[in-house]
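Visitor: Provided below are the primary sequence and the corresponding predicted coordinates.
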Amino acid sequence: MTRSKNSRAIEDLSSLTRSAFEPKVTWQAILTAAAAAGAILLILAGILLCFMLTACSAEKTTWQRIQSNGVLQVGLDPTYPPFEFADPESVQGIDVDLAGMIAAELGLKASFTYFGYDGLYDALGTGQVDVLISALVAEPARTSDFAYSDGYVNSGLVLVTPPEAPLAQLDDLAGKSISVELGAAGHVEATTWQRRIPDLAISPKQSSDEAIQAVIDGDVDAAVVDNIAARLFTGQLPVNELRLAPLSDEPYVMVVRRQDGQLLRELNRALRSVQSTGQLDMILDKWLQG
């Protein structure tokens, strides 16, 4: 065999080897792959749409059920006066009045179910009630499952002083003395203030009432207590005997399930209405000022 024939034979063998291992791409294969990819995309889109429709359906279902029944199911813990407390015949308090007023604003009737404090979120999460109105503050750790309304009363800290005292903010407390309820939030905050406010003296008392009374008696320059305790105490005094200056914001809010967005919007709308008409202030004055 000549050299040229050997070369040609080697080339032919090499060509046959390459053709045996190289993929054969055809238009039919391309179209089949495209069709499969399109089918997968359609399936994924369908799943996404299903989730969206389910969420929307759940949101509408809760609000539509409430409207159809004409009843707003409210959960609360009736052991926290003046917000909610039970007597042998009924439950009453700020939250009870507020719930009734909001329900009326929405054309509904409020119905109350009682739970222990630790069982409130479980009751809401399992659908036993539609909303919690029970002197609750927003908890960021729960926002994956629950949603919070706008605030309806501030339970944060206030500075209680005689009306003529030039004390309205933390910087004014340098060289002053303040009373606090032993172990309460005001005591904890005041302890941190001592690190940056020169010569701030703290006088712990057994209750918020005692802390405020110390201001009246002239034993301290000011008291740091929560707004609710301060309003309950000063509501029994002559007007303007003490002044309250807010120090922190910790609003009480209503709670619904995360998926009940339409219900939350309706509750906030009703809350804004009772705030703007002064009805909420009337409720607060009734229970906090005696």
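Guide: Yep, that arrived.
Visitor: Return the set of buried residues in stretch 149-161.
Guide: Ser149, Gly151, Tyr152, Val153, Asn154, Ser155, Leu157, Val158, Leu159, Val160, Thr161 (16 or more other CB atoms under 10 Å). (Each C-beta comes from the backbone N, C-alpha and C, glycine too.)
Visitor: With stretch 252-272 instead?
Guide: 252-264, 266-267, 270-271.
Visitor: Show me the residues you listed that map onto strands.
Guide: Tyr252, Val253, Met254, Val255, Val256, Arg257 (DSSP state E).
Visitor: Which one of the residues you listed is nearest to Gln206?
Guide: The closest of these to Gln206 turns out to be Tyr252 (CB to CB; 25.2 Å).
Visitor: Quick check: bridge partners of the closest one?
Guide: Per DSSP bridges, the residues bridged to Tyr252 are Val137, Val153.
Visitor: wait, it sits on Tyr148?
Guide: No - counting by CB atoms under 8 Å, Tyr252 sits too far from Tyr148 to count as a contact (10.0 Å).
Visitor: Helices of the stretch 1-150 of the chain, residue ranges please.
Guide: Using DSSP state H, counting those that start in this stretch, the helices of the stretch 1-150 of the chain run over 3-21, 27-69, 94-105, 120-125.
Visitor: least reliable of the ones you listed going by mean pLDDT?
Guide: Sorting those by mean pLDDT places helix 3-21 lowest, at a mean of 45.
Visitor: ok, back up a step: looking at the buried residues of stretch 149-161, which are in strands?
Guide: Using DSSP E, those in strands are Val153, Asn154, Leu157, Val158, Leu159, Val160, Thr161.
Visitor: between the residues you listed, which is nearest Pro78?
Guide: Val153 (17.8 Å).
Visitor: Would you enumerate the residues in contact with the closest one?
Guide: Ile94, Asn227, Ile228, Pro251, Tyr252, Leu284 (CB atoms under 8 Å, 6 or more residues apart in numbering).
Visitor: Once you drop chain neighbours, what's closest to the last one?
Guide: So that's Leu284. What sits nearest to Leu284 in space, not counting adjacent residues and going by CB to CB, 6 or more residues apart in numbering, is Val153, at 6.3 Å.
Visitor: same thing with the fourth one?
Guide: Nearest residue to Pro251, sequence neighbours excluded (CB to CB, 6+ apart): Gly151, at 2.4 Å.
Visitor: Backbone dihedrals for that neighbour, both of them.
Guide: phi -80, psi 150 (degrees, to the nearest 10).
Visitor: Repeat that for Asp145.
Guide: phi -120, psi -20.
Visitor: where's the residue lying closest to it once chain neighbours are set aside relative to Arg243, distance?
Guide: Closest residue to Asp145 apart from its sequence neighbours, by CB to CB, 6+ apart: Arg258 at 5.5 Å. Here the criterion is CB to CB, to the nearest Å. By it, Arg258 lies 41 Å from Arg243.
Visitor: for the chain, what are the low-confidence residue spans?
Guide: 1-60, 290 (pLDDT under 70).
Visitor: Could you pull up the residues touching the nearest residue to Lys205 once chain neighbours are set aside?
Guide: Closest residue in space to Lys205, ignoring its immediate chain neighbours: Ala211 at 4.4 Å, by CB to CB, 6+ apart. The contact partners of Ala211, by CB under 8 Å, 6+ apart, come to Val160, Ser179, Val180, Glu181, Gly186, Ser203, Lys205, Ala223, Val224, Val225.
Visitor: Going through those, which ones are buried?
Guide: Val160, Ser179, Val180, Glu181, Gly186, Ser203, Lys205, Ala223, Val224, Val225.
Visitor: Out of these, which sit inside helices?
Guide: Gly186 (DSSP state H).
Visitor: Nearest to Thr143 among the buried ones among the contacts of Ala211?
Guide: When the buried ones among the contacts of Ala211 are compared against Thr143 (criterion: CB to CB), the nearest one is Gly186, at 27.0 Å.
Visitor: which one is that closest one nearest to, not counting chain neighbours?
Guide: Nearest to Gly186 is Val224, by CB to CB, 6+ apart, at 3.9 Å.
Visitor: Could you do Leu288 as well?
Guide: Arg231 (4.2 Å).
Visitor: for that neighbour, phi and psi?
Guide: Per degrees, to the nearest 10, the backbone of Arg231 is at phi -70, psi -40.
Visitor: Cool, thanks, signing off.
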